[in-house]
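>>> Okay, predicted coordinates and the sequence, questions at the end:
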Amino acid sequence: MAIPVIDFSKLEGRERAETLARIANGCQEWGFFQLVNHGIPVELLERVKKVCSECYRLRAEGFKASKPVQLLNKLVEEEGDAADAERLDNVDWEDVFLLQDDNEWPANPPEFRETMKEYREELRKLAEKVMEVMDENLGFEKGSIRSSFSGNGE
C-alpha cells in the first residue's frame, strides 16, 4: 500500500471527478496525500531548499561557536572520556524555525526572508484550493472550511 499521490492539475480537466474521488479517498483512508503538479513553481521550491540549507548551516556554525557549547565541550574534554565526547557529537540537537511574525525572520542568508515570504504566499493559495476541493467533496458551500479556520472567511 502506498501513500496516495494526486496530480492536482487534473482537477482542471476531464479527470476532475476521478481526482476529486482520489482526494476524498486520501482524506478518508489515509488522513493525508501527496500533491504533485500543484502549481508551486519548481524554481521557487529549489530556492526554498537552498536558502533553508544555508540558514541551517549558518545557525549550526553559530551554535557550535556559542559560549554554552564551547563550555560544554571544554568540560567534556577536561572531565570526560572519549565516549562522552562521541556522545556529545552525536546528540540530536533539535532546530526549528517558526515563521509566524514578519519581524522575526533570520537576517542571513539575505534572500531567506523574500524567498520564504513568496513560498508562504504560494502555500496559502494552494491551501485555499485544497480547502475548496474538500468543501466540494463534503458537499459544503464553497469557503466553509476556510471560514472555519479564519473565523471570517478570509
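Great, that's in hand.
>>> Which SSE is immediately downstream of the host helix or strand of Arg113?
Element membership for Arg113 (DSSP states H and E) is helix 112-138. Reading on from helix 112-138 to the C-terminus, the next helix or strand found by DSSP H and E is helix 144-150.
>>> Now do the buried residues in that next one.
145-147 (16 or more other Cβ atoms under 10 Å). C-betas here are computed from N, CA, C, even on glycine.
>>> Tell me where this protein has strands.
Along the chain, counting by DSSP state E, strands occupy 5-7, 34-36.
>>> Out of those, flag the one nearest Pro106.
strand 34-36 (27.6 Å; Cβ to Cβ).
>>> So which residues make contact with that closest one?
3-8, 126, 130 (Cβ atoms under 8 Å, 6 or more residues apart in numbering).
>>> from these, which two are the most distant?
Among the contacts of strand 34-36, Ile3 and Leu126 lie farthest apart (Cβ to Cβ), at 17.9 Å.
>>> Settle it for me: which of these two has more neighbours?
Taking other Cβ atoms under 10 Å, Ile3 and Leu126 do not tie; Leu126 has more neighbours (15 against 9).
>>> Reformat the contacts of strand 34-36 as CSV; add distance to Arg113.
As requested, these are exported to CSV (distance: Cβ to Cβ, whole Å):
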residue, distance to Arg113
Ile3, 32
Pro4, 34
Val5, 32
Ile6, 31
Asp7, 32
Phe8, 28
Leu126, 20
Val130, 26
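>>> with those residues in mind, which one is nearest to Glu77?
Distances from Glu77 to those, taken by Cβ to Cβ, are shortest for Ile3, at 45.9 Å.
>>> any idea how far that closest one is from Phe32?
Distance, Ile3 to Phe32, by Cβ to Cβ, to the nearest Å: 7 Å.
>>> repeat for Lys49
Relative to Phe32, and taking Cβ to Cβ, Lys49 is found at 21 Å.
>>> neighbour-wise, which of the two wins?
Lys49 (11 against 8).
>>> which other residues reach stretch 126-142?
Taking Cβ under 8 Å, 6+ apart as the rule, stretch 126-142 contacts 8, 11, 20, 23-24, 27, 35, 38-40, 143-146, 149.
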